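Trainee: no sequence on hand, only this structure:
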């Protein structure tokens with residue numbers, strides 16, 4: 001199972017062009033390059049939550065950009081799904097997995113007209129590192 005997990009993390013890193021533990025998460029957002037990301041990191045905006053909850057005007061001051069750049073960055077951070085996975089034991093050999101999209105308080109509505117091209121891989125393994133289940137969800 002650890003090989004599948006490592007492969008999924010590597011695929012994500014290559015797709016985002018960003019290492020998993022990098023503080024430069026803003027690099028994933030449209031119109032935000034390396035220079036703007038470095039300014040955000042220096043201002044301790046190193047998570048999607050910190051960008052999504054920030055005041056757009058504050059982001060513009062940090063990045064030295066005019067409005068509506070702060071709104072664009074904040075909305076883009078909000079559009080990246082935040083998921084919660086919970087596993088429930090249903091029977092002796094049966095698990096039920098629930099994946100819930102968490103809506104951030106700063107972005108309470110998901111635009112039904114907008115296409116969200118996001119996916120995730122659910123990997124479930126046992127304590128002996130044996131792969132029990134792997135599936136990609138879109």
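Mentor: Cool, got the structure. Quick caveat: nothing in here was measured; it's all calculated off a predicted structure.
Trainee: secondary structure element for the nearest residue to residue 31 once chain neighbours are set aside?
Mentor: Closest residue to residue 31 apart from its sequence neighbours, by C-beta to C-beta, 6 or more residues apart in numbering: residue 72 at 6.2 Å. Backbone N, C-alpha and C define where each C-beta goes, glycine included. Using DSSP states H and E, residue 72 falls within helix 69-79.
Trainee: list the helices and strands that helix packs on?
Mentor: helix 48-52, helix 56-63 (3 or more C-beta pairs under 8 Å, 6 or more residues apart in numbering; DSSP states H and E).
Trainee: closest one to residue 133 among those helices?
Mentor: Closest to residue 133 of these is helix 48-52 (C-beta to C-beta; 26.8 Å).
Trainee: buried residues in the closest one?
Mentor: Neighbour counts over helix 48-52 (16 or more other C-beta atoms under 10 Å) mark 48, 51-52 as buried.
Trainee: likewise for stretch 39-48?
Mentor: Buried, per 16+ other C-beta under 10 Å, within stretch 39-48: 39-41, 45-46, 48.
Trainee: stretch 73-88 too?
Mentor: Those would be 73-79, for stretch 73-88 by 16+ other C-beta under 10 Å.
Trainee: residues contacting the longest helix seen in the chain, please?
Mentor: Secondary structure assigned by DSSP state H gives helix 2-16 as the longest helix of the chain. With contact meaning C-beta atoms under 8 Å, 6 or more residues apart in numbering, helix 2-16 is reached by 19-20, 27-28, 121, 123, 125, 129, 131, 134.
Trainee: let's verify the residue located most distally from the centre of the chain: helix, strand, or coil?
Mentor: Distance from the C-alpha centroid of the chain, by C-alpha atoms, centre = their mean, peaks at residue 92 (33.2 Å). Secondary structure, DSSP: H, G, I helix; E, B strand; the rest coil: residue 92 is coil.
Trainee: residues in contact with it?
Mentor: So residue 92 contacts nothing (C-beta under 8 Å, 6+ apart).
Trainee: looking at it now. What's its pLDDT?
Mentor: You'll see residue 92 listed with a pLDDT of 82.
Trainee: noted, bye for now.
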